[in-house]
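*Asks:* here is my input; please provide its structure:
(3 chains)
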Amino acid sequence: MKRISPNRPGRYWILLWMLVLPIGMYGQSELEPVTRTYALTNVNIVQAPGRKIDLGTVLVKDGLIISVGKNVSIPPEAMIIRADSMYVYAGFIDGLSRTGVTRPKEETNRERPKDPGNPSNERAGITPNTDVRNLLNPSDKAIEDWRGAGFTLANVVPYGGMLPGQAALILLSGRTADDLVMQTNTGLYSELTGASGVYPNTVIGVMAKWRDLYRKAVNSKNYEALYASNRNGLERPMSDRVYEPFFPVIDQKIPVIFKAEKLLDVQRVLTLKNDLRFPLILAEVKEGWHAIPKIKATGSKVFLSLDLPEEIKKEEKKNDQKTEEKPKTPGEIEKEQLEKRRNEAIASYTAQAATFQKAGIVFGFSLLNTKPKDVHTNLRRMISAGLSEDAALAALTTSPAQLLGMSDRVGTIDPGKMANLVVSDKPFFSEKAKIRYVFVDGVLTKLEVKENKKTDASVKSEIEGTWNTTTQSPQGTTTGKVVFKKEGGGYSGNISSSMSQETMALKDITLEGNTLSYKYTLSFGGRSVEVETNVTIEGDSFKGNTSVGTFGSFPIEGSKNPK
Amino acid sequence: MKKMIILVFLMEAIGTLQAQDRGTILIKGGTVLTVTKGTLENTDVLIKEGKISQIAKGIIAPAGVRVIDATGLFVMPGIIDAHSHIALDAINEGTNAITPEVHVADAINPFEVDIYRALAGGCTVSHAMHGSANSIGGQCQTIKHRYGVYDGEQLKMEGAARTIKFALGENPTGHGRRDGVQPQTRMGVEFVIREAFSEGKEYMEAWNSYNKQKSGKGFRGAPPVYSLRLETLADILKGNIIIHCHSYRADEINMLMNVCRDFGIKKVVFQHTNEGFKVAPELAKFGAMASVFADWWAYKLEVYYSTAYNAAILARNGVVTSINSDSPDLIRHLYHEAGKTQKYGNLSDDEALSMITINAAKQLGIENRVGSLEVGKDGDVAIFKNHPLSIYGVPQMTLVDGVVHFDREKDAADMRIMVDPKETVDIPTIHQATTHNHENCMQNMEWLLNVKMFGLNR
Amino acid sequence: MKKIIYILLVMSVCSEMLAQGLKAKTGVFALTHATIETITQGTITDGTLVITNGKIQAVGTNVTVPSGAVIIDCKGLRIYPGMIDGGTRIGLLEIGQIPQATDQRETGDVIPQMKALSAVNPNSVVIPVTRVSGVTTVITAPDGGLFPGQAALINLHGYTPDQMFTGFEAVVLNFPSSGKRGFFDRRTDEEVKRDSEKALKLLNDVWDKATQYHKLDSATRGKGVSYYPELQSLVPVVRGEKALMVEVNAAKDILAALKWVSERKIKRVIFSGVSEGWRVASDIVKANIPVVTGPVISIPTRDYDRYDQAYANAGMMKKAGVKVALRTLQTENVRNLPYHAGYAAAYGGLSKEDALRAITIVPAEIFGVNQQLGSIEVGKSATLFVCDGDPFETRTQVKQVFIDGWQIPMTSRQTELYEEFLNREPGVSKN
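*Replies:* A predicted model of the protein is given here:
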């Protein structure tokens, strides 16, 4: 990235600048940064899993790590960040998501297709030639959100059907789409997703079509080679944009990145790989531990999902005086057994990463179905279930770098590597650790820290009543009405919105001081989506954001209805 | 939390154990219904490493081998269902009239509890089929009910013949009518099939010609375009795949025999074929086989003129006939369905039992492996309290490859292998209408059927 | 002279046979040397049963055969009362996939005034197919929304619905369901819950109105109310004159329904379906509500239920003290009713006798027709069948069927097809 270096005023002037500029800016400002040299001082440096330097300095310049260690000389133009006793790690790497990728417009009123057996490639979801670079939106809020969770690179793919297009590795910071791109065509992305209403519609159709396309591509490639060697006397090869993206895969140069969440998906994708022999990265694997032998045998690479099923909180047993043992009814016994099985299932999911670690498989994490605010919690759950902290860190840094062929440039804090760093105030995997700084390609983001609970007791906001809300989303402005009622020790409530006629019950309403959060389920068209709203209350109004499933996060404002 | 990991590993270990399992076991003192070689009182069956090694009186158990006391019980071959859709995540790729390239094996789901329930009905093998929305549908998979495995591959019956689903009549023409394409009539169905076969023939000839030429010196040329679809059609023409054709009316059954004759195809099994009895002599002459319902009828116009005596009439006219379920309910009591051929047509015990054992095995090309209790065959056995054709016949144990996969006394109620971590524990599904769950054949096609979501009698 | 008599005899026999082929016959019949299962009064061996004027005139071992009676030798055979199926769509549904041939579901959520009886097709092909297997009497019920109409108990013989009608009708209530409805139900858990709450609200609304209507109607002796067919057809239920047949299956719903009928003080209630009745049997017993359950041969309601839970349901309820009758909920295979009973016996701990009762006297009592049907007793309707073995066994053949004293021809389209095609002529070659 080329930038025009500003004139270099003396140190005195830099300090003045720093006082004038707003401290605590969140994200990119319109102004260029003052300097491209930073020194993180007095910081615990976790260069890589198992390699640590206590209280040293990291010097960053022009997007690269210059020096790392205890006795690092700091040049005069460096902006010093006193990271006293904080912890710095290599920036985290996401193996698969759609961060920064524009979602295509929802097609409403789709006509019933004529001749569904022979759809266009677009309609069938077969668009392997789509380059995600053409779909990048640097102002997508998700980029900022993920950066705030410590991620510096994301391997992103287009939306689509079974073959949405080509992946690219992007930096989670940049002003233009080109700024974002670090590596093009990191893989050919695929899902076992059928097309609605046309061929191929089911998983068996998709699998058959995959084989057909691949073998056609092999033939096409071979023929093109034959033709190129001597064109005389041969029919011209048919140019087909759908086959060409397969050529580097056939040459084993780039992998197929296949989303495979459930065990059966993983097994089906592995079957396809065995049939066609393409290099494979399995991504967003949620339920893969039973397939470990096959994954090993095929040499497939893996990105595990960071998403975990919700833990079921045990009902608190009321401490009654009478603790007589009533004989359990068959219904109660059955319910207990069912809950036990469900909890075992949840435990297996949580232990997946640990299981892969024990099996000696190098894996990264993919963020496709995770929310930024759940990353830390989920990692801690995985660690409780047996994943070592070193393995967790590796899965966030060195392993994805290795799997994506980027080990020479990112993944550790070593001189010469990219300045992708994340600084947390405590060891990252400890319970209350918060990320304070993130460097992406040498560009600094400082994160706001929410005010602590010192002011808790004094400011107890009153939420009972009716609130009118407005939410901004790509759909435009939607209004809603939220009603809270005191119930038991907490609150109950419901919400209705201008989008649907229904009133939904709220759950998980938590009010801490003036921070309010609540959840509800939106149902439409047979699908249901979890919505979560987090706001800060100020008197009779609140502000914050509401996130709708994996669709994104939108700003919301509310004002209390006086009654 | 280490406990969790151990649990996980344990579960995986059990899974692999059961999969590779070929059991050695002795079943002692039962009434052995061999189906093909008569009934043997008070006889033992020894299974060694998954194969029946001996059937005789007074077999002494080898050291360390488990003995099942079958005194007073009936021992019959594991039941075979020639038409089923259990253990599949997808059944109908109904978007095109011809889809032979798809294979239901790509959608096997070994976790469906229906598999266990089939075992609880003495059924050890089923023919997992593609649906009937297409004139030429997808390839089917014969599976063994090795319930407990985590990998669908391990359910596939190794060495089973390749099979494919065809469909005639109202189902495929309904597809055409809704999408404005052929076929919309029975005339169209014939044409669509002939066209597919003809194109398959051309494809086969083009590739044969290319392959011959390309080894020639100095040959440079473009190969014919590859097509998995046409390749599969060519395989049918070569006789490598048995056609299982969903059909009802006499005229269309006749039609397919004529088409097959024209293209030199000999291996055909007609499925459901409610009017098969009306062309029984023709079926027998062609050598086609039939797999029918015991008594379903009247749910559609094309089955309105059928009779429960169908199976008996076909059998008496020399057609190899089996009784199938096409339903996750019926697969659990095929022995009861077979019993109905005694009410409707007075078939003998062995004739009735053949319909759910050896005849079905013939139709799936696996009669060398299963379908009767004979030395050398697979150790697939169902043990009954009371005769299987009696209404009071209750399966006690079912073995696949000599491994006990169902034990009425010992099995827990909850036999699910994997549990959804997100499930709500309390919402049941009320199966109010077991009237002809023909919806099974049209699964995945809800968007086509515009079915009202009431799930009740249609 | 002898020749003429002979010819006349042959002619009369021939015409009799021809007539017997298609038409039912009434008159005086004596079924002799039979094993008679009376259901209520034990088994009679080598008994005789006399039918006169549509009724059982005499049953026993020392019965005099009236002169002129048609004697049917039942040596080695058994006689049972006609089987009663507590839930079918016979006569309403002809071909499920053809809308023009289905009449069991009218549009509208609250339409209790729709009478299934009026729409029964007495000439449905299904009827002969069913009755030759010994099922003589069935409930035929409408289906659809909250109050889909009125079910009726009909005998499977008669040329008009009125001729078939036994006198019992009930208003059907599809109690709001918190369960999913089968494979095609793709609603989310939230949607299921919401739909059921909406339906419950509607139910309470309707019942409030019906109660008001009844009070107004009583107070004004029918003069102060206007035409309101929906409420008018509910009034007899409010007054306890007509039964309410509540279709309810999930355990939670059964409890909710028990609570609801108790709160609303509904006097005559029958619960139908009750697939999860075994989970809440003691509650059903406490409420003293009779149950019509089935189909017995069905898949369990939950993935984690024991595989034979549906078979065992009826027996488990009976053991707990519930009054249980069976139904097939079929149309074209109602003939399988005895096999459902057989499964309930084999798996559910129901004795063979109780299983038989569940398809004869128990439904007769539940539907209030036990004066005429449900057992072999003098004075009851001659609605019975003769067979050559245990009626639950598939190899048993039914030889004779009588409905209201009419001897039913033992033919149906299915037997006719058998006769035509067993040895088809011409065979393969046309010559």
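*Asks:* spell out which residues of the stretch 301-431 of chain C are next to chain B.
*Replies:* Within the stretch 301-431 of chain C, the positions near chain B by Cβ under 8 Å from any Cβ of the partner chain are C:301-309, C:329-333, C:335-336, C:339, C:342-343, C:345-347, C:390, C:392-397, C:413-415, C:417-418, C:421-422, C:424, C:427-428. Every residue, glycine included, has its C-beta placed from N, CA and C.
*Asks:* give me the buried subset of those residues.
*Replies:* For these, a burial check counting by 16 or more other Cβ atoms under 10 Å in any protein chain shown picks out C:301-309, C:329-333, C:335-336, C:339, C:342-343, C:345-347, C:390, C:392-396, C:413-415, C:417-418, C:421, C:424.
*Asks:* which ones, among those, also lie beside chain A?
*Replies:* Filtering those for proximity to chain A (criterion: Cβ under 8 Å from any Cβ) leaves C:Y304.
*Asks:* can you count the residues close to residue 185?
*Replies:* Just so you know, I chose chain A. Neighbourhood size, A:N185 [other Cβ atoms under 10 Å in any protein chain shown]: 17.
*Asks:* can you look at chain B instead?
*Replies:* Neighbour tally, B:T185, other Cβ under 10 Å: 12.
*Asks:* residues contacting the residue nearest to it when sequence neighbours are not counted?
*Replies:* In space, and not counting its chain neighbours, B:T185 is closest to B:T173: 6.0 Å by Cβ to Cβ, 6 or more residues apart in numbering or on different chains. Contacts for B:T173 (Cβ atoms under 8 Å, 6 or more residues apart in numbering or on different chains) come out as B:P183, B:Q184, B:T185, B:R186, B:G188, B:V189.
*Asks:* what's the distance between B:T173 and B:V192?
*Replies:* 10 Å (Cβ to Cβ, to the nearest Å).
*Asks:* common neighbours of these two, please.
*Replies:* The contact lists of B:T173 and B:V192 share B:P183, where a contact means Cβ under 8 Å, 6+ apart.
*Asks:* secondary structure element for C:L258?
*Replies:* Taking DSSP states H and E as the definition, one finds C:L258 inside helix C:251-263.
*Asks:* show me which positions of that helix end up buried.
*Replies:* Those buried within helix C:251-263 under the rule 16+ other Cβ under 10 Å are C:A251, C:K252, C:D253, C:I254, C:L255, C:A256, C:A257, C:L258, C:W260, C:V261.
*Asks:* got the domain ranges for chain C?
*Replies:* Split into domains by automatic domain parsing, chain C comes to C:1-80+C:376-431, C:83-373.
*Asks:* and these, which is most packed in?
*Replies:* Mean neighbours per residue, mean count of other Cβ atoms under 10 Å in any protein chain shown, is largest over these for domain C:83-373, with a mean of 21.
*Asks:* for that one, the distance to its chain's centre please.
*Replies:* 10 Å (Cα atoms, centre = their mean, to the nearest Å).
*Asks:* how far away is A:E287 from A:E107?
*Replies:* 31 Å.
*Asks:* those two: who's more crowded?
*Replies:* Counted by other Cβ under 10 Å, A:E287 and A:E107 do not tie: A:E287 has more neighbours, with 20 against 8.
*Asks:* look at the more buried one and report its pLDDT.
*Replies:* Note on A:E287: pLDDT of 97.
*Asks:* now do the one 3 residues further on
*Replies:* For A:H290, the model assigns a pLDDT of 97.
*Asks:* and what of the one 10 residues further on?
*Replies:* If you check A:S300, the pLDDT there is 96.
*Asks:* same question for A:Q475.
*Replies:* With respect to pLDDT, A:Q475 scores 65.
*Asks:* do C:V225 as well
*Replies:* For C:V225, the pLDDT comes out at 85.
*Asks:* looking at this, it is in a strand?
*Replies:* No. Going by DSSP: H, G, I helix; E, B strand; the rest coil, the assignment for C:V225 is coil, not a strand.
*Asks:* grab the nearest non-local neighbour of it.
*Replies:* C:D217 (5.0 Å).
*Asks:* now the one you found: how far from C:L93?
*Replies:* Separation of C:D217 from C:L93 (Cβ to Cβ): 35 Å.
*Asks:* restricted to helices, list the residues of the stretch 301-431 of chain C next to chain B.
*Replies:* C:309, C:339, C:342-343, C:345-347, C:413-415, C:417-418, C:421 (DSSP state H).
*Asks:* wait, which of those is closest to chain A?
*Replies:* Distance to chain A across those (Cβ to the nearest Cβ) is lowest for C:Q309, with 11.7 Å.
*Asks:* contacting residues for the closest one?
*Replies:* Residues in contact with C:Q309, defined by Cβ under 8 Å, 6+ apart, are B:A413, C:W278, C:P300, C:T301.
*Asks:* per-residue confidence at it?
*Replies:* Predicted confidence (pLDDT) for C:Q309: 96.
*Asks:* ditto for the one 5 residues further on
*Replies:* With respect to pLDDT, C:A314 scores 97.
*Asks:* which SSE is it in?
*Replies:* helix C:309-320.
*Asks:* can I get the CA coordinates of that helix in PDB?
*Replies:* The C-alpha trace of helix C:309-320 is given here as PDB (Å, rounded to 0.1, in the frame of the first residue of the first chain):
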ATOM      1  CA  GLN C 309     -45.000 -48.000  21.400                       C
ATOM      2  CA  ALA C 310     -47.800 -47.400  19.000                       C
ATOM      3  CA  TYR C 311     -48.700 -51.200  19.000                       C
ATOM      4  CA  ALA C 312     -48.700 -51.200  22.800                       C
ATOM      5  CA  ASN C 313     -50.600 -47.900  23.400                       C
ATOM      6  CA  ALA C 314     -54.100 -49.400  23.600                       C
ATOM      7  CA  GLY C 315     -53.100 -52.200  25.900                       C
ATOM      8  CA  MET C 316     -51.200 -49.900  28.200                       C
ATOM      9  CA  MET C 317     -54.200 -47.600  28.500                       C
ATOM     10  CA  LYS C 318     -56.600 -50.500  29.100                       C
ATOM     11  CA  LYS C 319     -54.300 -51.800  31.800                       C
ATOM     12  CA  ALA C 320     -54.500 -48.500  33.600                       C
END
